[in-house]
Structures are given as structure tokens and as C-alpha cells.
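J.: Fold the following for me, if possible:
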Amino acid sequence: MVTMKAKLILVFNLFIFINQLTAQRSCPTLTYLQEQLKNDPSLLEKINAIETFTRQQNTTTNNSHLRTNQENIIKIPVVIHILYHQPYENITDAQVYSQLEALNRDYRRKGADTANTPAVFKPLAADCEIEFQLAISDPRRRSTTGIIRKYTPIAYWQADDKMKFSSEMGDDAWDAKSYLNIWVCNLERVAGYSSVPGGPDDKDGVVIGYPVFGTINTTSGFDMGKTAVHEVGHWLNLKHTWGDTDCGDDLVDDTPKQRDYNQGCPSGIRISCGNGPNGDMYMNYMDFVNDACMNLFTNGQKARMRALFAPGGVRNSILSSTGLSTPLIVEIPNPATTEMTLDLTYDIRWIGKVLKVTNQQGQIVMQITIDSKNQKINVSRLQPGMYFINAKKDDGDFIKQKFIKF
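T.: Next up, the predicted model:
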């Protein structure tokens, strides 16, 4: 249970987060790309090659990877890396599930708000036939929930990829050729950002701030899971609709040119860059409007995204990922015979707290005061069977693990 102090901190942090986003709802993916290009100029050659490949795919008349049929739905295994400093940042499974539902809702054009797409743009609106599922097998074909939870001493993260490395107190990416990695953490000043296709595998994926992830316990205006929809669009090679410059080019033919990004919840026709009579497509997921006012990807954007999965495409390997295949290894939870070691190096605040070991009937069979970052637990006197380790800190954070004594 979250303490009153933790609740007050959560409310304060959400207030700061809302103020930051209200002042400037932004996506730093372009700035991130520019920094990556500065550090690795060869990345530009890879991006250009991907763009050439995309154009070739989208001008091919017999383009089988774009045909509409049930067998052709692209299913992407997802792993969620939850990095938390405060207990309330350790979001629930339900919040994670709500984000996966939102991604599938919008990439399959199944949301009720698709009725709000202006009539003039409805013929362009696409079911992208892309679905997202939590991985059930990890890279070693071991059973997984697709959700990783990890305490970090880092209170705030920047859009600099450090959360993607265990060496920086984050969490390492799973194989980017087989999984979409999403990191959920306390991002400072931005709601989220994405890598771009062609970048290094160990940095590949999407980062989302915990207050805008999913549709449960999220920030008003950002509470429909569409920050992740937008950022995953970048991961799938979409650009902002204004091309990140005055009347720029997003390299998609059926999205009108527009002067700049839109914010809030626009209405009516907004003409810019000579895009009359229909005006800006501000309801596109790749603009900056509020969640409630985003409701479409276009056929051109669909083609651009799906081109990545064509034979020879940079994300084609995901189609043969084993992330959604039945696990080959279902590990026994923490098998033990005489001794167990509990690794608490991630959070020294556990020292001095009490560990309780209970049996399956809920009876306490051992009680230990933690005195080491690598706590040894002597289980040699326990009878064979399944046991549970429980501990709790004053801030509401807790440990709950199970093990089998042989």
C-alpha cells in the first residue's frame, strides 16, 4: 500500500509533469536523432538506405506484404522495462495491459473515436494491421510475462538512452531484432521519445514517462495511451506530419503539408502551406494534439511502416521472432537446497528491514533482519516444498518472491 507521504509526492510530481507538458507538448525524437548522427555520422547512410528501400517497396505493384488478410497481420513481441525510484512509479500490470490495448486499438483502427475522423479524411484512414503482444518467451526461450520491474537509484531520466543500460542503473534491451523494447520511467520534461530504424540495437526502442503510459492512473489530456502510439510510430519509421520544419515533408503522400505542429484539441479546418480546402490533418497520431483528438494513421503511413517488415527490411527479423512462441524452458522459481542469496545491491535502503519466510499455509517459518546487500538465507532446516519471502519498507515498497526447497 502506498503511504500518505508517497501519495503527496505522486500528486506533486504529476502537477509538475502536467505543467511541463501544458507549457510544451513535445517529442524530442528529432533532437535525439540529431545527437545520434553527431555521435555516429555513419548512421545517416543507414537511414538513407532504409528510405531508398521503403520507396522501392511502396512503388512495387505486386506488394504482397501490404495485402489485407488475416494471415498478413504483423504481430510484434513487446517487452516492458519498468524502472522505478519511488513505489508509485512501479506501475501495475493493469496499467501495462491498458497500454497494449491502446496500441492495438489504434493500429487496428478499432477505437470508438475513429468516428471523429473528418469525412474528407476517412477514405485515407487505415487499419495498419499491426498488433502488439507482451512476449511470452525471452531471448533464451525461457518463460516470461514480458514485464520487467527494476528499482533504480536514478530519480529522473533524460532523453539520452541511459535508462537502456544496466551499467547506468537502467535495464538492458532485449534483442532488438526480435522484440520491441519499451522503457517506462520518470522522464524529465518530455512525455516520451523513440529511436529510429537503423540505429544501434542496444538503444533500439521507445521510452515513455510513467504518468502517460496506458489509460489507468495517467495524466489528463494524455490518458488514452496515445503518447506510446505516437512514439511507436517513430519506431516504425514515421515522421511528424509537418516534417519537423516549416511546411516540411514527412515522406508520406497522403498526409497534407502543414506549417507546424498543432496542440490542444483543434476543430474546424486549419489551412496552412496551401493545403486547402481540407487543411491540416491535425487528428493524425503523428501530430501533437491531445489524446482525445488523435484518431488516424493514413494508408500512406501504413505502407511506410509495413515496408520495414518486407524481406530485406530492417525489421523483417521480427516476423520470425520466438518471443510469442511457446517457451522451451519453464524455470522452477528459485530452487534451493541449503542456502539462498537475495541480491539487494540495487537498493541499500533494505538493510535493517525484516524478511519473513512463510510456507504455503501462510505460517511464518523464518524471520531475518537484513544486514547485507547480498543477504544469505539459510534454508537447510526447512522441509521440502514451496515458500514465500516477504519484506516491506516504510515507503510501501515491498519484496515478494517464492522459492522451492528441495
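J.: What count of nearby residues applies to the residue lying closest to His85 once chain neighbours are set aside?
T.: Nearest residue to His85 in three dimensions, chain neighbours excluded: Ala155, at 5.0 Å (Cβ to Cβ, 6 or more residues apart in numbering). No exception for glycine: its C-beta is placed from N, CA and C like everyone else's. When counting by other Cβ atoms under 10 Å, one arrives at 11 neighbours for Ala155.
J.: for Gln56, same thing?
T.: 12.
J.: just checking, what packs against whatever helix or strand it lives in?
T.: For Gln56, the enclosing helix or strand under DSSP states H and E is helix 43-58. When contacts are defined as 3 or more Cβ pairs under 8 Å, 6 or more residues apart in numbering; DSSP states H and E, helix 43-58 sits against helix 29-39, helix 299-307.
J.: Give me the mean pLDDT for it.
T.: Averaged over helix 43-58, pLDDT sits at 95.
J.: same question, stretch 115-134
T.: On average, stretch 115-134 scores 97.
J.: Give the buried residues for it.
T.: The neighbour-count check on stretch 115-134 (16 or more other Cβ atoms under 10 Å) flags 117-118, 121, 124-126, 128-130, 132-134 as buried.
J.: so which two of those are the farthest from each other?
T.: Pro118 and Leu134 (34.3 Å; Cβ to Cβ).
J.: ok, back up a step: highest mean neighbour count across the helices and strands packed on helix 43-58, which stretch is it?
T.: Among the helices and strands packed on helix 43-58, the stretch with the highest mean neighbour count (mean count of other Cβ atoms under 10 Å) is helix 299-307, at a mean of 23.
J.: How far off centre is that one?
T.: Relative to the chain's own centre, helix 299-307 is displaced by 21 Å; criterion: Cα atoms, centre = their mean, to the nearest Å.
J.: orientation of that helix relative to helix 43-58 in degrees?
T.: 110 degrees (axes from the mean of the first three to the mean of the last three Cα atoms, to 10 degrees).
J.: Show me what helix 299-307 packs onto, helices and strands only.
T.: Against helix 299-307 (3+ Cβ pairs under 8 Å, 6+ apart) you get helix 43-58.
J.: Pull out the buried positions in the helix or strand following the helix it packs on.
T.: Following helix 43-58 in sequence order, the next helix or strand is strand 74-84 (DSSP H and E). Buried positions in strand 74-84, judged by neighbour count with 16+ other Cβ under 10 Å: 74, 76-84.
J.: Ranked by average pLDDT, which of the helices and strands packed on helix 43-58 falls at the bottom?
T.: helix 29-39 (a mean of 91).
J.: what's that helix packed up against?
T.: Using 3+ Cβ pairs under 8 Å, 6+ apart, helix 29-39 is in contact with helix 43-58, strand 192-194.
J.: which outside residues touch the first one?
T.: Put plainly, it is helix 43-58. 36-37, 63, 65, 196-199, 237, 251, 303-304, 307-308, 310, 312-314 (Cβ atoms under 8 Å, 6 or more residues apart in numbering).
J.: Pull the distance from it to the chain's centre.
T.: For helix 43-58, the separation from the chain centroid amounts to 25 Å (computed by Cα atoms, centre = their mean).
J.: That one to helix 29-39, inter-axis angle?
T.: Using the same axes, to 10 degrees: helix 43-58 against helix 29-39 is 130 degrees.
J.: Pull out the CA atoms of helix 43-58 and give them to me as CSV.
T.: C-alpha atoms of helix 43-58 as CSV (Å, rounded to 0.1, in the frame of the first residue of the first chain):
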residue,chain,number,x,y,z
LEU,A,43,24.0,6.4,-39.2
LEU,A,44,22.9,8.8,-42.0
GLU,A,45,24.0,6.2,-44.6
LYS,A,46,21.9,3.5,-42.9
ILE,A,47,18.8,5.9,-42.7
ASN,A,48,19.2,6.8,-46.4
ALA,A,49,19.4,3.1,-47.3
ILE,A,50,16.2,2.4,-45.3
GLU,A,51,14.5,5.3,-47.1
THR,A,52,15.5,4.0,-50.5
PHE,A,53,14.3,0.5,-49.6
THR,A,54,11.0,2.0,-48.3
ARG,A,55,10.4,3.9,-51.6
GLN,A,56,11.1,0.8,-53.6
GLN,A,57,8.7,-1.3,-51.6
ASN,A,58,5.9,1.3,-51.8
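J.: Strands of the chain, start to end?
T.: Assigned by DSSP state E, the chain shows strands spanning 74-84, 130-134, 147-151, 180-185, 192-194, 206-209, 335-336, 339-343, 354-359, 364-369, 374-378, 385-392, 398-405.
J.: I'd like those laid out as CSV, including distance to Ala159.
T.: Formatted as CSV, the strands of the chain follow (distance: least, Cβ to Cβ, whole Å):
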stretch, distance to Ala159
strand 74-84, 14
strand 130-134, 22
strand 147-151, 19
strand 180-185, 11
strand 192-194, 5
strand 206-209, 7
strand 335-336, 41
strand 339-343, 29
strand 354-359, 38
strand 364-369, 41
strand 374-378, 34
strand 385-392, 34
strand 398-405, 30
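J.: what's the closest of these to Gln263?
T.: Closest among the strands of the chain, using Cβ to Cβ: strand 192-194, at 16.0 Å.
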